[in-house]
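**Student:** Following is a predicted model, sequence given first.
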Amino acid sequence: MIHVNFYPFIKRLFDLIFSFMGLLVLWPFFLLIAFLIHLDSKGPAFYRGTRVGKDGNLFNMLKFRTMFLNADKLGPASTSNDDPRITRVGHFLRKYKIDEWPQLINVLKGEMSFVGPRPEVRKFVDLFTDEEKKILKVPPGITDWASLWNTDEGAVLAGSQDPDKDYFEKIRPEKIRLQLKYINERSLRNDLSIIWRTLMKIFLREGR
């Protein structure tokens, strides 16, 4: 008897349906946010950050731009909440995770999934051990166990003199452990649990 694993198919179907629905509902807000970003600082509304995806392939992860133009070339890859490169509108977008909304486009294109390890920049992926390279076997995601553990990396890095060094020492070890936990235990049930817990964290945060 041939065992057929329907999990990848169901996961991709879920991503397609709900990313499309999300973009359909949110597009008027996309226009408003883009307008506010343009009022606040010069430059495009979207930031396209090069990240490492499934099987080590590079892709452009989309976000609403929360920093001054070309800020990624003028400072560290890791960003603290008190980073002077962040714009006024950017602080608001980051606080409520609104800057992540454009990643629905990445999900629709198949470059990302709703659930999976957060995509990293090349400089940190190059440090992966053989065990950690398992993280690249699945599409990166918007949320996972590591995202739930640390919902605000910027707050942890606030006041840091070397955000990249502090990220590597204070955040990365547990983040990697939880990403490997997701890889080793991934299932539709776990995906739905992570999505539910992520939504609850967002709603509870906005309710405070």
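**Tutor:** The structure has been received and is ready for your questions.

**Student:** hang on, T50 is in a helix, isn't it?
**Tutor:** No - counting by DSSP: H, G, I helix; E, B strand; the rest coil, T50 is not found in a helix; it is strand.

**Student:** The closest residue to it other than its chain neighbours - how many residues pack around it?
**Tutor:** Ranked by CB to CB, 6 or more residues apart in numbering and with sequence neighbours excluded, the top spatial neighbour of T50 is L58, at 5.7 Å. From N, CA and C alone the C-beta is placed, and that goes for glycine too. Close neighbours of L58, defined as other CB atoms under 10 Å, add up to 13.

**Student:** From R122, how far out is L58?
**Tutor:** 8 Å (CB to CB, to the nearest Å).

**Student:** shared neighbours, these two?
**Tutor:** Contact criterion CB atoms under 8 Å, 6 or more residues apart in numbering; residues shared by L58 and R122: 50, 52.

**Student:** For this protein, which segments count as helices?
**Tutor:** When assigned using DSSP state H, the helices of the chain occupy the ranges 7-40, 88-95, 103-109, 122-125, 145-149, 153-157, 163-166, 172-185, 188-207.

**Student:** Redo those helices as JSON lines? Include mean pLDDT, distance to K134 and mean neighbour count.
**Tutor:** Formatted as JSON lines, the helices of the chain follow (pLDDT from 0 to 100; distance: least, CB to CB, whole Å; neighbours: other CB atoms under 10 Å):
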{"stretch": "helix 7-40", "mean pLDDT": "96", "distance to K134": "16", "mean neighbour count": "14"}
{"stretch": "helix 88-95", "mean pLDDT": "91", "distance to K134": "30", "mean neighbour count": "18"}
{"stretch": "helix 103-109", "mean pLDDT": "98", "distance to K134": "21", "mean neighbour count": "20"}
{"stretch": "helix 122-125", "mean pLDDT": "92", "distance to K134": "12", "mean neighbour count": "14"}
{"stretch": "helix 145-149", "mean pLDDT": "92", "distance to K134": "14", "mean neighbour count": "19"}
{"stretch": "helix 153-157", "mean pLDDT": "69", "distance to K134": "22", "mean neighbour count": "18"}
{"stretch": "helix 163-166", "mean pLDDT": "80", "distance to K134": "24", "mean neighbour count": "18"}
{"stretch": "helix 172-185", "mean pLDDT": "94", "distance to K134": "5", "mean neighbour count": "16"}
{"stretch": "helix 188-207", "mean pLDDT": "85", "distance to K134": "16", "mean neighbour count": "13"}
